[in-house]
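In: coords please:
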Amino acid sequence: MGKRIPTEIDKFLGLNDNDKNLNLKLGEASVCNNFRITDDYKLEKIEGYDDLFDSLGVHDVKGTWYGKISGTYYFLFACNGNIYTQDITDDAATPTSIGLVVDDITSFLGFGTAVYIINGNQYYKWDNTGDIELVTGYIPLVFTATPPLGGGTANELNNLLTGKKHQTFSADGTSTVYYIAESAVDSIDSVTVGGILYAETVDYTVDLTLGTVDFSTASTPSIPTLGTNNIDIYWSKGVGSRDEVYENYYFQTFGGKNDTRVLVYGDGSNRYHYTGLANGVPSAEYFPSTYYRDIGSSEYSITSLIRQYDTLVIFKENESWYSNYDPLEDGDGNIVPDFPTYPLNDTKGNVAPGQVQLIDNDPFSIMEGIYQWRSTQIRDERNATYISDRVQDTLDDFTLSNAITVDWEKRAEYWLAIDNDIVAYNYRNNTFTTFTLASTPTSFIVVNDEMYFGTTLGQIMKFDTDELTFNGTAISASWEMGMYDVDAEWKLKYLNKVWISLKPEARSEIDIYWETNRDGISDTPITINYNLADFGNTDYSDYSFATNYNAQPFMKKLKAKKFVYFKLILKSESTTDRATVLSINFQPRIGGDSKW
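Out: Okay, here's the model as predicted:
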């Protein structure tokens with residue numbers, strides 16, 4: 001008898017698809033699909049998911065959001081040209097539309113007392129009363145302390161979202177005609193004197209061409225009394241430059257050490273716009289006309305903005321930059337926000353719009369692979385750490401610019417999805433796996449540590465450890481070790497036993513196959529069941545009626561002989577059983593020299 005070589009795998013190291021079968025470490029897998037690697041390196045079949053409601057039809061869910069408005073939490077999603085609310089705590093609840101929108105990629109931002117909605121075409125808000133409404137925009141006070149003939153102290157800039165603005169005047173007690181800051185205006189909307197709203201033709205007349213308000217030609221003329229900022233005139237000219245805001249798809253909040261500014265980006269350009277303070281208060285409805293930044297060459301667009309500590313990291317398709325918040329004081333004593341911007345990396349960026357994730361305070365971006373940004377303060381290409389080399393062969397099959405991503409912090413998993421294929425990275429134990437879902441995700445969201453996703457069939461799905469299927473479809477999980485030569489490539493081997501240790505569960509099952517270079521893959525699996533007494537779902541023929549709740553190693557016989565290379569294959573396709581593998585043990589016997 002030849003020497004037996006004890007071989008144990010009790011630390012599963014996830015997927016390494018670079019060498020496919022050869023040169024893998026024990027514990028690495030050439031295939032690891034629909035199994036996750038737990039934090040303690042065990043092999044666990046992924047949980048299933050179920051839908052929250054019946055399908056809304058063949059329509060992509062374009063975006064999801066969960067947050068608090070006026071003390072109440074809401075779940076919102078966009079689908080088929082509607083914004084819906086959904087009670088995710090009630091299995092019988094159905095979606096309720098709160099308004100129509102263009103059916104396009106949709107982002108949500110909870111800010112102040114409302115949630116804001118942008119989709120490349122429109123800009124809406126919802127404050128949980130009635131339906132969504134278009135954001136009309138804050139009306140800026142452009143000049144103060146203005147003499148009757150015009151001028152005054154510059155105060156706030158025009159708002160891109162509106163053509164409306166207002167101006168305060170200090171009456172001199174004798175003048176009857178007051179000149180606003182613009183001529184050829186569309187309308188004078190209101191005039192207030194000493195806090196009293198005046199009526200046109202009764203208290204004043206207007207000349208839209210000259211941009212004047214005349215108090216002497218009204219039916220009841222009067223001269224405004226002496227005062228400081230005691231006349232307030234509102235007017236409209238045009239509708240602003242709303243498209244400069246509307247055409248964006250994504251939000252980011254930033255303001256140095258706080259999030260007082262709302263940034264919008266994603267219109268296909270190298271520009272982002274940011275908000276100002278509306279009468280000193282942070283607002284998502286005030287985009288001053290000059291509050292924007294052009295980043296690098298216009299040839300490449302901004303794809304993601306992410307806040308890291310008190311720094312804004314700016315990703316383009318081919319490069320990256322960083323910015324700080326450094327407000328300035330203008331000549332009138334006004335605080336002007338400023339975002340000085342510096343190059344970070346000349347060759348590494350992000351190709352998937354809006355998909356950079358901040359994980360443990362490190363941005364994760366996507367280019368030809370996945371990059372973790374460990375530093376953003378020094379211009380040094382080494383700060384972009386390439387982490388996806390073990391799954392690059394899989395990623396090469398993806399169009400990464402179409403990827404959607406999510407951080408499932410509870411699981412310490414970063415997911416990158418293309419269609420229904422997912423590459424998952426466990427950033428606590430540095431392992432990769434893949435998942436293949438029965439549904440195609442279009443948007444992910446994590447709510448109270450639980451993962452939800454929208455689909456191409458107008459559904460919202462929720463992952464749940466109590467679910468054993470993908471919304472009724474069997475979960476096909478497979479794990480394959482690499483071809484193993486027992487460190488004796490020139491020798492023939494023989495193997496007739498394998499021990500598999502399973503985690504005890506109410507119902508647990510795994511199928512074992514094997515493959516050699518001589519015989520290919522075995523035709524019939526060896527099945528292991530380890531079922532505890534759970535009388536809610538009982539098939540008495542499955543039970544051993546053992547009372548030991550500890551992990552249990554099972555020995556199974558197999559026939560593999562005269563091979564040089566060998567691999568084990570584990571599969572689980574059950575719709576009623578879980579599968580968590582704790583360890584694998586086998587003892588190949590070394591024979592004579594291989595003559596192949």
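
In: residue 509 sits in which helix or strand?
Out: strand 509-516 (DSSP states H and E).

In: quickly list the domain ranges of the chain.
Out: Domains of the chain are assigned by automatic domain parsing as 7-46+476-593, 141-236.

In: tell me where the stretch 401-550 of the chain has strands.
Out: 404-408, 413-418, 421-426, 431-436, 441-447, 450-455, 460-464, 469-470, 473-474, 477-481, 491-502, 509-516, 520-521, 526-529 (DSSP state E, counting those that start in this stretch).

In: buried residues of the third one, list them for me.
Out: When neighbours are counted by 16 or more other C-beta atoms under 10 Å, the buried residues of strand 421-426 are found to be 421-426. C-beta: built from backbone N, CA, C; applies to glycine.

In: adjacent strands (with direction) for the strand holding residue 509?
Out: Here strand 509-516 has these sheet partners by DSSP bridges: strand 520-521 (antiparallel), strand 526-529 (antiparallel), strand 566-572 (antiparallel).

In: run through who's touching the shortest one.
Out: In this case it means strand 520-521. 513-515, 569 (C-beta atoms under 8 Å, 6 or more residues apart in numbering).

In: swap in the longest one?
Out: Contacts of strand 566-572 with the rest of the structure, by C-beta under 8 Å, 6+ apart, involve 21, 30-31, 35, 43, 45, 475-486, 493, 495, 498, 500, 509-517, 521, 525, 560, 579, 581, 584, 586, 588.

In: need the contact list for the closest residue to residue 439 other than its chain neighbours.
Out: In space, residue 439 comes closest to residue 455 once its chain neighbours are excluded; the distance is 4.5 Å by C-beta to C-beta, 6 or more residues apart in numbering. Applying C-beta under 8 Å, 6+ apart to residue 455 gives the contacts 60-61, 439-442, 461.

In: show me where the stretch 201-350 of the chain has its helices.
Out: Along the stretch 201-350 of the chain, the stretches classed as helices by DSSP state H, counting those that start in this stretch are 243-246.

In: of the contacts of residue 455, closest to residue 128?
Out: Nearest to residue 128 among the contacts of residue 455 is residue 61, at 20.9 Å by C-beta to C-beta.

In: what is the lowest-mean-pLDDT helix or strand in the chain packed up against?
Out: Least confident element among the helices and strands of the chain, by mean pLDDT, DSSP states H and E: strand 335-336 (a mean of 78). Here strand 335-336 touches strand 328-329, going by 3 or more C-beta pairs under 8 Å, 6 or more residues apart in numbering; DSSP states H and E.

In: sheet partners, orientation included, of the least confident helix or strand of the chain?
Out: Here strand 335-336 is paired, per DSSP bridges, with strand 328-329 (antiparallel).

In: could you list everything the residue most central in space within the chain pairs with in the sheet?
Out: In the chain, the centroid-proximal residue (C-alpha atoms, centre = their mean) is residue 406; its distance is 5.0 Å. Beta-bridge partners recorded for residue 406 (DSSP bridges): residue 415.

In: tell me the spacing between it and residue 423.
Out: Going from residue 406 to residue 423 by C-beta to C-beta, to the nearest Å gives 12 Å.

In: hey, what's in contact with both of the two?
Out: Counting by C-beta under 8 Å, 6+ apart, the shared contacts of residue 406 and residue 423 are 415, 417.

In: where in the stretch 351-500 of the chain is pLDDT low?
Out: 376-382 (pLDDT under 70).

In: quick revisit: closest to residue 372 out of the buried residues of strand 421-426?
Out: Each of these was scored against residue 372 by C-beta to C-beta, and residue 425 proved nearest at 9.3 Å.

In: can you say which of the strands of the stretch 401-550 of the chain is nearest to residue 395?
Out: Short answer: strand 421-426, nearest of the strands of the stretch 401-550 of the chain by C-beta to C-beta, at 6.5 Å.

In: show me what the closest one is packed against.
Out: By 3+ C-beta pairs under 8 Å, 6+ apart, strand 421-426 packs against strand 35-37, strand 413-418, strand 431-436.

In: rerun at 6 Å
Out: strand 413-418, strand 431-436 (3 or more C-beta pairs under 6 Å, 6 or more residues apart in numbering; DSSP states H and E).

In: mind putting these into JSON lines with mean neighbour count and distance to residue 593?
Out: Output for the helices and strands packed on strand 421-426, formatted as JSON lines (neighbours: other C-beta atoms under 10 Å; distance: least, C-beta to C-beta, whole Å):
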{"stretch": "strand 413-418", "mean neighbour count": "22", "distance to residue 593": "46"}
{"stretch": "strand 431-436", "mean neighbour count": "22", "distance to residue 593": "37"}
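
In: tell me which of these lies nearest to residue 321.
Out: Here strand 413-418 is closest among these (C-beta to C-beta), at 22.9 Å.

In: picking that back up, let me have the contacts of strand 520-521 in a markdown table, adding pLDDT, distance to residue 278 and neighbour count as columns.
Out: Listed next are the contacts of strand 520-521 as a markdown table, based on pLDDT from 0 to 100; distance: C-beta to C-beta, whole Å; neighbours: other C-beta atoms under 10 Å:
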| residue | pLDDT | distance to residue 278 | neighbour count |
| --- | --- | --- | --- |
| 513 | 94 | 65 | 18 |
| 514 | 92 | 69 | 22 |
| 515 | 92 | 67 | 20 |
| 569 | 96 | 63 | 19 |
